[in-house]
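Asker: give me a 3D structure for the following:
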Amino acid sequence: MKIAFITEDGKSISQHFGRAPYYLVVTLENGTEVNRELRPKLGHQQFHQAGEHHEHAGGQEHGQDEASHQKHASMAEAIQDCTAIVCGGMGYGAYESMRRLNIQPIVTDLRNIEEALSAFAAGKLSDHPEKLH
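Answerer: Next up is the predicted model:
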């Protein structure tokens, strides 16, 4: 099983899914870490640099239209082999996009990746959807 952590430094969990530049991907086998790797992540910055802007379709919330889902899917290409993604915060649209891509989103109040990894491996990492924006 592979778990992706949103990070800026490989040690702490980033507060914002869209802005962080990396995924720290940890592979667990029978609850034990067997590998970890830092993978680059597309983010809002790359989409703005590319000049991609869009209007939200007919009353849809920010990040929940199909164009936003496609951007979220592009951001998730680097972790399509992961079962879960852990971050400190994300938008509703990104959260739902991860679910549509069969990647379990977990929004945590923990900041340390090692602490969150231990909690995840023990089945005790809580999701805090109230932190979605």
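Asker: shaky segments in this structure?
Answerer: In the predicted model, the chain carries pLDDT under 70 at residues 44-63.
Asker: just the helices in it please.
Answerer: 44-49, 66-76, 92-100, 113-121 (DSSP state H).
Asker: OK, contacts around the residue nearest to the spatial centre of the chain?
Answerer: Centrality entry for the chain: nearest residue to the mean C-alpha point is Ile85, 4.6 Å, by CA atoms, centre = their mean. By CB atoms under 8 Å, 6 or more residues apart in numbering, the residues touching Ile85 are 3-6, 17, 23, 76, 79, 98, 103-106. The way it works is simple: take the backbone N, C-alpha and C, and place the C-beta from them, glycine included.
Asker: do the same with Gln15
Answerer: Per CB under 8 Å, 6+ apart, neighbours of Gln15: 87-89.
Asker: if we can go back for a sec, so which of the helices of the chain is the most surrounded?
Answerer: helix 92-100 (a mean of 20; mean count of other CB atoms under 10 Å).
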